[in-house]
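Trainee: need a 3D model of the following:
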Amino acid sequence: MIRTETVKLSSIAGLAYRQKLTAGGAGLAILTQNERAAYTIDKRNSNALPYGPVNGEIFTSAVVGEALELTRGLSYKKLGTVTKIYDDCHFDEAAFDPETEEDKPSVDVIGSKEYEGFIMEYTDKNGKFSYQVMNRDLMKFADSSSVVGNMVANHEKDDEIVRYVVRSKAVGLSGAKAMDDGFLTAFIDVFDSMNTRSAFKELKSHIRAKMSSRKR
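Mentor: Below is the predicted model of the structure:
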């Protein structure tokens with residue numbers, strides 16, 4: 001049984017370790033007694049970007065900076081469930097299995113400019129990614145898009161319209177020329193995996209409402 005290498009932090013009572021993200025790329029996890037934060041590591045500049053909701057009041061830039069520095073160079077693996085963190089910052093039988101070839105993703109979304117564009121655009125000054133802000137911006141785009149208007153008028157599937165909106169914004173924010181269907185599917189899956197519900201649920205509901213109003 002192999003155990004991941006963890007480091008004890010001095011800035012807060014917590015632990016940090018490097019983790020292989022299921023969506024691809026290297027990740028950083030920071031745990032306290034009651035809170036957990038996950039970050040992706042930008043391979044271009046080694047900065048940590050929030051991987052899902054993060055409590056910026058606890059996981060400050062100083063805490064993240066210390067975790068990055070102390071875990072630099074450590075191996076990262078897929079960690080199993082952490083059952084408890086004691087006050088002295090030790091894991092209670094937290095084990096993981098070595099990464100296999102089957103675990104390696106075929107699409108590296110985390111390291112992409114499209115992913116970074118979304119994270120930077122919809123992360124507030126406290127380092128917290130806002131699904132609400134993201135969905136509001138995507139709904140605004142959908143309302144102003146003539147292409148979306150035509151898709152609604154032609155009764156296209158709501159999932160296809162969501163995909164068009166997400167693709168358009170991701171390409172626009174990143175400056176990329178295009179995004180293929182396989183990458184788009186992986187991109188949406190990554191954000192869905194970071195949320196307890198569909199990350200784009202509000203956008204889809206908004207599009208359904210637009211389609212219903214057209215039928216009247």
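Trainee: how is the protein partitioned into domains?
Mentor: 7-103, 113-215 (automatic domain parsing).
Trainee: present those as CSV; the columns should include mean neighbour count and mean pLDDT.
Mentor: For glycine as for every other residue, the C-beta is placed from the backbone atoms N, C-alpha and C. As requested, the domains of the chain are arranged in CSV below (neighbours: other C-beta atoms under 10 Å; pLDDT from 0 to 100):
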stretch, mean neighbour count, mean pLDDT
domain 7-103, 17, 70
domain 113-215, 16, 89
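Trainee: beyond the top helix by length along the chain, next helix or strand please.
Mentor: Ranked by residue count under DSSP state H, the longest helix found in the chain is helix 158-174. Proceeding N to C from helix 158-174, the next assigned helix or strand is helix 181-193, under DSSP states H and E.
Trainee: which residues touch the most centrally placed residue in the chain?
Mentor: Centre of the chain computed as the mean C-alpha position; nearest residue by C-alpha atoms, centre = their mean is Tyr51, 3.9 Å away. Residues in contact with Tyr51, defined by C-beta atoms under 8 Å, 6 or more residues apart in numbering, are Leu21, Gly27, Ala38, Tyr39, Thr40, Ile110, Met194.
Trainee: quick revisit: using CSV, write out every CA atom in the longest helix of the chain.
Mentor: This file holds the C-alpha atoms of helix 158-174, laid out as CSV (Å, rounded to 0.1, in the frame of the first residue of the first chain):
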residue,chain,number,x,y,z
ASP,A,158,-31.2,22.6,-25.7
ASP,A,159,-27.9,20.6,-25.1
GLU,A,160,-26.6,21.6,-28.5
ILE,A,161,-27.4,25.2,-27.8
VAL,A,162,-25.6,25.0,-24.4
ARG,A,163,-22.6,23.5,-26.2
TYR,A,164,-22.6,26.3,-28.8
VAL,A,165,-22.7,29.0,-26.0
VAL,A,166,-19.9,27.4,-23.9
ARG,A,167,-17.8,26.8,-27.0
SER,A,168,-18.2,30.4,-28.2
LYS,A,169,-17.3,31.9,-24.8
ALA,A,170,-14.4,29.5,-24.2
VAL,A,171,-12.9,30.3,-27.6
GLY,A,172,-13.5,34.0,-27.2
LEU,A,173,-11.9,34.2,-23.7
SER,A,174,-8.9,32.2,-24.7
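Trainee: wait, Phe141 sits on Ser168?
Mentor: Yes. Using C-beta atoms under 8 Å, Phe141 is in contact with Ser168, at 6.8 Å.
Trainee: and Glu156, which of the three is it?
Mentor: In three-state terms, and counting by DSSP: H, G, I helix; E, B strand; the rest coil, Glu156 is coil.
Trainee: likewise Asn45?
Mentor: Each residue gets one of three states, and Asn45 gets coil by three-state DSSP.
Trainee: noted, bye for now.
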